[in-house]
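K.L.:
how would this look folded up:
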Amino acid sequence: MPEMTVSPEVFLAMGREVLASQPFSQLIGAELVALSPGRCELHVPITEAVKQQHGFVHGGVLSYAADNALTYAGGTALRVPVVTSEFKINYLRPAIGESLIARAEAVHTGKSQAVCRCDVFVVKDGEEKLCAVAQGTIAALPASPI
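P.N.:
Residues are numbered from 1 along each chain as shown. Take a look at the predicted model:
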């Protein structure tokens, strides 16, 4: 069977539909900005609701951004429904600014899993600063997940 291709605009729209179906993504205002096979860029606005007691972005929100971007990168590389099977993050500096940008890419794609990496940046006064790096293994869902 020939491989189905869609325009970049349709591909991004499909990714945005997935994001819109995730209540937590909607709660924090996440936005899928770019999506192509094996690559993703996700933005999260920094609001008071995502900060911890010291005034910077909670680590769980940084992890969310990285994990979701990794999963998009892996899923689009594998071209099947996926889940995260393993994930690691290193926090490099407090995220203080106006927004987060998570950029992920598939580093290696096999038949049933993709290894992906992600850089998470905080944007302050128009300048991006790396605040976390992550790596994860994204696995294809079996035909019947139960």
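
K.L.:
what sits against the most centrally placed residue in the chain?
P.N.:
Geometric centre of the chain, nearest residue: A69, 1.2 Å, by Cα atoms, centre = their mean. Residues near A69 by Cβ atoms under 8 Å, 6 or more residues apart in numbering: 40-42, 102-104, 118. C-beta coordinates here come from the backbone N, C-alpha and C atoms, glycine included.

K.L.:
give me that answer again for 10 Å
P.N.:
By Cβ atoms under 10 Å, 6 or more residues apart in numbering, the contact set of A69 is 30, 32, 35, 39-43, 101-105, 116-120, 134, 136.

K.L.:
wait, is it part of a helix?
P.N.:
Yes - according to DSSP: H, G, I helix; E, B strand; the rest coil, the state of A69 is that of a helix.

K.L.:
against L35, how distant is it?
P.N.:
Using Cβ to Cβ, to the nearest Å, we find A69 at a distance of 10 Å from L35.

K.L.:
what touches both of the two?
P.N.:
With Cβ under 10 Å, 6+ apart, A69 and L35 have common neighbours 41-42.

K.L.:
so what's Q113 closest to, chain neighbours aside?
P.N.:
Nearest residue to Q113 in three dimensions, chain neighbours excluded: A139, at 4.7 Å (Cβ to Cβ, 6 or more residues apart in numbering).

K.L.:
what residue ranges in the chain score low on pLDDT?
P.N.:
Counting by pLDDT under 70, the chain contains low-confidence ranges at 1-6, 144-146.
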